[in-house]
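S.K.: my questions concern the predicted model and sequence given below.
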Amino acid sequence: MPDNIQVGNTWNAIYQAISRANYLIQQSEKISDPAFPQAATIAQARGIRALAYMDLLALWGGSTQGYGFTGGRGVPLRLAPTTAIGPETAAIARASEAEVAAAIRADLDFAIANLQPGAGSNRITKSSALALRARFELRERKFAEALSFAKQVPAVAGFATSAPTGTTTPDALWQLFFSNTDQNSYAFFWYPAPGGRNEFDPGTTIAAAHPAGDLRRAINVVTATTSITVAGAPFTLSPGTTQKYYRTSTRDDRFNIIRYAEVVLTIAEAAAQTGALAEATTNLNMIRTRAGLAPTTATTAAALITDILLQRRLEFAYEGIYWMDLRRTNRIQTALPTYAETFRNLFPIPLREVQLTNNLIEQNPGY
């Protein structure tokens, strides 16, 4: 609903990140000290801003059938800081999806041009910027472009033979790091007391979605009290939880922003969509083999894409990917039959934004 507090909080948090990125860009442009890595700093800020607008567009923008369609809705587009009350703080209307998409591409292209490759970082790198650009083009149904950007991401050493894990994933290209003094609430919402309040559980269909022998099932769905050791520290996992978020005492579980596994599956899907079925099969089987599964039996583009979308659901469970996949492939009502009203495929613009701007920021239809 438009007055849902979490809808408003999420919108505000993303725009706060955009505001901080805008300030950092502006102030970095003023620094002339040759020791200051100006281009790289601006590139990181623009990469963060691109990710923020990708998330805004993914939740509040596009069309009911997905993204990249004519007339797709965007969000208010602010690319400069607000330094004084007046014109800079005046309300602005929503840009179109195409306008927001152009800003995202420009920011990611700048990041790609001015950052160095790298993986496993808590900062955006050229590798993660390329991967994000591939994600965005796949979401916008630009399959040839998605394939091109994904194939530019350097392979993560040992990826094909490494076993799947939780958020200590060795294939992470970019992660959010947390600490005992900069905590998150992931484990708090997953785990029961003491240490949490167990508001999240694995979905009713996620366990059954794993094929027999899938190594990711034990990661995604903990069915019995389990003891694990991570980096020498013991942890006890509770039934009905996940191995991805479990650090209830320190609340410093990392969050994967983007992983190399997504790059591989983007190559697979974009290749299948553009007729390169052998390439699609090779990359799909890389993911299946890591998960302990036999090679795919799919031989057509449609069958390959069906398998690829399943692998994405299982590989990135609880990592914020599934809803966007359902939206971009127009499968929300198929996957979630009780979600019958298609206008709800787009989140409602927070009521406060609509009211304070006297409807200059238009509500999404249906709300």
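M.R.: It's in.
S.K.: for the stretch 151-300 of the chain, what spans make up the helices?
M.R.: Ranges of helices in the stretch 151-300 of the chain, per DSSP state H, counting those that start in this stretch, are 186-190, 206-209, 217-220, 260-273, 277-290.
S.K.: kindly compare burial across those and name the winner.
M.R.: helix 260-273 (a mean of 26; mean count of other C-beta atoms under 10 Å). Yep, even glycine has a C-beta here, placed from its N, CA and C like the rest.
S.K.: tell me the gap between it and the middle of its chain.
M.R.: Offset of helix 260-273 from its chain centre (C-alpha atoms, centre = their mean, to the nearest Å): 15 Å.
S.K.: quick one: average pLDDT of it?
M.R.: For helix 260-273, the mean per-residue pLDDT is 98.
S.K.: output it as PDB, nothing but the C-alphas.
M.R.: Extracted in PDB, the C-alpha atoms of helix 260-273 (Å, rounded to 0.1, in the frame of the first residue of the first chain):
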ATOM      1  CA  TYR A 260      30.300 -14.100 -10.800                       C
ATOM      2  CA  ALA A 261      27.600 -16.800 -10.900                       C
ATOM      3  CA  GLU A 262      25.200 -14.200 -12.100                       C
ATOM      4  CA  VAL A 263      27.600 -13.300 -14.900                       C
ATOM      5  CA  VAL A 264      27.700 -16.900 -16.000                       C
ATOM      6  CA  LEU A 265      23.900 -17.200 -16.000                       C
ATOM      7  CA  THR A 266      23.600 -13.900 -17.800                       C
ATOM      8  CA  ILE A 267      25.900 -15.200 -20.500                       C
ATOM      9  CA  ALA A 268      23.800 -18.400 -20.600                       C
ATOM     10  CA  GLU A 269      20.400 -16.600 -20.800                       C
ATOM     11  CA  ALA A 270      21.500 -13.900 -23.300                       C
ATOM     12  CA  ALA A 271      23.200 -16.500 -25.500                       C
ATOM     13  CA  ALA A 272      20.000 -18.600 -25.500                       C
ATOM     14  CA  GLN A 273      18.000 -15.500 -26.400                       C
END
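S.K.: counting by contacts, list what that helix packs against.
M.R.: Applying 3 or more C-beta pairs under 8 Å, 6 or more residues apart in numbering; DSSP states H and E, one finds that helix 260-273 contacts helix 126-139, helix 143-150, strand 172-176, helix 277-290, helix 301-315.
S.K.: packing partners of the first one?
M.R.: In this case it means helix 126-139. Using 3+ C-beta pairs under 8 Å, 6+ apart, helix 126-139 sits against helix 38-60, helix 97-114, helix 143-150, strand 172-176, strand 255-259, helix 260-273, helix 322-328.
S.K.: redo these as JSON lines? Include distance to Gly8.
M.R.: Shown next, in JSON lines, are these (distance: least, C-beta to C-beta, whole Å):
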{"stretch": "helix 38-60", "distance to Gly8": "12"}
{"stretch": "helix 97-114", "distance to Gly8": "20"}
{"stretch": "helix 143-150", "distance to Gly8": "32"}
{"stretch": "strand 172-176", "distance to Gly8": "22"}
{"stretch": "strand 255-259", "distance to Gly8": "21"}
{"stretch": "helix 260-273", "distance to Gly8": "29"}
{"stretch": "helix 322-328", "distance to Gly8": "18"}
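S.K.: dump the residue contacts of Ser121.
M.R.: If you count contacts by C-beta atoms under 8 Å, 6 or more residues apart in numbering, Ser121 has them with 128, 173-175.
S.K.: ok, back up a step: return the most buried member of the helices and strands packed on helix 126-139.
M.R.: helix 260-273 (a mean of 26).
S.K.: got the contact list for that one?
M.R.: The contact list for helix 260-273 (C-beta under 8 Å, 6+ apart) reads 119, 131, 134-135, 138, 143-144, 146-147, 150-151, 153, 155-156, 159, 169, 171-173, 277, 279-284, 286-287, 290, 301, 304-305, 308-309, 311-312, 315-316, 321.
S.K.: closest to Ile361 out of the helices of the stretch 151-300 of the chain?
M.R.: Closest approach to Ile361 among the helices of the stretch 151-300 of the chain (C-beta to C-beta): helix 186-190, 29.7 Å.
S.K.: pLDDT on the closest one, on average?
M.R.: On average, helix 186-190 scores 92.
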